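A.B. asks: model this:
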Amino acid sequence: MNPAIHGAIIAAKKRQQEEEEQKLTQYNADDLNGWEFKIVHSTFGRFRNSEIIRRLMEEEARNGWEMVEKFDDYRIRFKRRTDKRSLSSGGGVDPYRTNYGTSRIVFPLVAVGVALVLAATLFLLENKSAESSAMLYLPFGIIIVFAIVMIVLRRK
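C.D. replies: Predicted coordinates for the structure are as follows:
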């Protein structure tokens, strides 16, 4: 698929999610009186796992947040009383975080890194003047890069 088209599809999907969140989170003055809200996002849809949701709820509860609803595998809404802001220092996590797990910037960086490794691999395979000893280490380099990518994607 053309990268420009793929980028446009991703941007349209993000815009659609933001519009949906705006519609789903409309509040009147009574709803907001004494409450604050936030939506926590998961880049890789980790909220399909009930154990991860339980762990997230425990972490957020330390800062006074209560789960309101799960929109989908990527978004969960929380609320807390404004008088519980004093709990913010004792939770061990940022009380205003809006991303859970791998940062949204990590995935594009990993994708660029993998693309660069593949490009270098293709260059070495096509380059007839490259030393044959370099070709012996190439599979190990690919395995190491793949392992690093998997670790980054699997981390919390």
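A.B. asks: can we go C-alpha only for contacts and neighbour counts from here?
C.D. replies: Will do.
A.B. asks: tell me the contacts of Glu36?
C.D. replies: Counting by Cα atoms under 8 Å, 6 or more residues apart in numbering, Glu36 touches 79-82.
A.B. asks: would it count as being in a strand?
C.D. replies: Yes - residue state for Glu36 (DSSP: H, G, I helix; E, B strand; the rest coil) corresponds to a strand.
A.B. asks: Let's verify Ala120: helix, strand, or coil?
C.D. replies: helix.
A.B. asks: Next one: it relative to Val112, how far apart?
C.D. replies: Distance of Ala120 to Val112, computed by Cα to Cα, to the nearest Å: 12 Å.
A.B. asks: what do you get for Lys14?
C.D. replies: 20 Å.
A.B. asks: Show me which of the contacts of Glu36 are buried.
C.D. replies: 79-80 (16 or more other Cα atoms under 10 Å).
A.B. asks: Which stretches in this structure count as strands?
C.D. replies: Secondary structure of the chain, counting by DSSP state E: strands at 35-42, 66-72, 75-81, 99-100.
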